[in-house]
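[1] need the 3D shape of this:
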Amino acid sequence: MDSTIIFAFLLTLFAGLATGIGSMIAFFAKRTNTAFLSISLGFSGGVMIYVSFIEIFPKALEELVGAHGEYTGTIYTVLAFFGGMFLIGMIDKFIPKMENPHEVKFVESMQNDPSTQELATTATNETTAIQHPESQNRLKKMGIFMALAIGIHNFPEGLATFISALDDPTVGVAIAIAIALHNIPEGIAVSVPIYYATGSRKKAFKLSMLSGLAEPAGAAIGFLILMPFLSDTVFGLLFAAVGGIMVFISLDELLPAAREYGHAHHSMYGMVAGMIVMATSLILLM
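    Numbering: from 1, shown residues only. Below you'll find the predicted structure:
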């Protein structure tokens, strides 16, 4: 059990730190690779939708039916599934659009934005940024909002990855890869405005990486709070809620964002590929 827990934590850490990849793309790419992001987000959505309905929901149903009978167990499973959707939906609703890391961001649009151009000219290096209180204040405000926004979003995602990996490491790996791919554009969303506010790649990269640590933090807090009370009922409820969270993220964020990057067919190809990869891995490991 100890090795399984450590492995589950490592998967959440891997998924969270993928924001750093997005940060590096933002620094070194003059234009957003929309085809790559569209396929990646579609792939993530395909993996998460397939595994939620084919693997996670049935396992949750099995646990709860076994503990409470067919009728009551089914009701609990359905309520927990939609409860997970409601939870992530409320989190998304109360984060303003500008600070929402799931809003689509393009490297070139940030480069051409007048406000970021103004900040870039007044904060071209570390020393200059410190000498301009207005730029420094904007940085602090932007950094706090972005860090909070991505942290709140990533917290339940970390718990979802951890719970899935704890039950089935194979499923956990697939979900971790899917969430890691979906964290790449989040890294862009966080690092681009910070970089243009300070002129510092180091600060932008650091904030992007720290915001990704909300994933293992969600896993750790969930582990510490829930593990002492873990039973068939609690595990079934958690698993059903995780399924709801992942379906909501896929339908509300991943697939719409994939289409917004301008490659509708690419996003669909990615989604189907994600489902095929997930289905193949489950069949091979039966």
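[2] buried sites along stretch 34-52?
    Residues 34, 36-52 are the ones in stretch 34-52 that count as buried (16 or more other Cβ atoms under 10 Å). No exception for glycine: its C-beta is placed from N, CA and C like everyone else's.
[3] that stretch - what's its average pLDDT?
    Mean pLDDT, computed over stretch 34-52, is 85.
[4] ok, now stretch 157-169?
    If you average the pLDDT values across stretch 157-169, you get 85.
[5] next helix or strand past whichever strand or helix holds residue 191?
    Assigned by DSSP states H and E, residue 191 belongs to helix 169-198. As assigned by DSSP H and E, the chain's next helix or strand after helix 169-198 is helix 201-212.
[6] number of residues surrounding residue 259?
    18 (other Cβ atoms under 10 Å).
[7] wait, it sits on residue 267?
    Yes - assessed by Cβ atoms under 8 Å, residue 259 is found in contact with residue 267 at 5.4 Å.
[8] overlap in contacts, the two.
    Contact criterion Cβ atoms under 8 Å, 6 or more residues apart in numbering; residues shared by residue 259 and residue 267: residue 38.
[9] so how far is residue 252 from residue 49?
    As judged by Cβ to Cβ, to the nearest Å, residue 49 and residue 252 stand 12 Å apart.
[10] please read the previous query as pertaining to residue 270.
    For residue 270, the distance to residue 252 - Cβ to Cβ - is 17 Å.
[11] who does the helix or strand encompassing residue 65 touch, helix- and strand-wise?
    Assigned by DSSP H and E, residue 65 falls within helix 57-68. Of the remaining helices and strands, those touching helix 57-68 by 3 or more Cβ pairs under 8 Å, 6 or more residues apart in numbering; DSSP states H and E are helix 70-93, helix 232-249.
[12] so what secondary structure elements neighbour the first one?
    Spelled out, that is helix 70-93. Helices and strands touching helix 70-93, by 3+ Cβ pairs under 8 Å, 6+ apart, are helix 57-68, helix 133-167, helix 232-249.
[13] dump that helix to PDB, keeping only the CA atoms.
    C-alpha atoms of helix 70-93 as PDB (Å, rounded to 0.1, in the frame of the first residue of the first chain):
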ATOM      1  CA  GLU A  70     -28.700  -2.000  -5.900                       C
ATOM      2  CA  TYR A  71     -31.300   0.800  -5.500                       C
ATOM      3  CA  THR A  72     -29.600   2.900  -2.800                       C
ATOM      4  CA  GLY A  73     -26.100   2.300  -4.200                       C
ATOM      5  CA  THR A  74     -27.200   3.500  -7.600                       C
ATOM      6  CA  ILE A  75     -28.700   6.600  -6.200                       C
ATOM      7  CA  TYR A  76     -25.600   7.400  -4.200                       C
ATOM      8  CA  THR A  77     -23.400   6.900  -7.300                       C
ATOM      9  CA  VAL A  78     -25.500   9.200  -9.400                       C
ATOM     10  CA  LEU A  79     -25.700  11.900  -6.700                       C
ATOM     11  CA  ALA A  80     -21.900  11.700  -6.200                       C
ATOM     12  CA  PHE A  81     -21.200  11.900  -9.900                       C
ATOM     13  CA  PHE A  82     -23.300  15.000 -10.400                       C
ATOM     14  CA  GLY A  83     -22.000  16.400  -7.100                       C
ATOM     15  CA  GLY A  84     -18.500  16.300  -8.500                       C
ATOM     16  CA  MET A  85     -19.800  18.200 -11.600                       C
ATOM     17  CA  PHE A  86     -21.500  20.800  -9.300                       C
ATOM     18  CA  LEU A  87     -18.300  21.300  -7.300                       C
ATOM     19  CA  ILE A  88     -16.000  22.000 -10.200                       C
ATOM     20  CA  GLY A  89     -18.700  24.000 -11.900                       C
ATOM     21  CA  MET A  90     -19.000  26.300  -8.800                       C
ATOM     22  CA  ILE A  91     -15.200  26.700  -8.700                       C
ATOM     23  CA  ASP A  92     -15.200  27.700 -12.300                       C
ATOM     24  CA  LYS A  93     -18.100  30.100 -11.900                       C
END
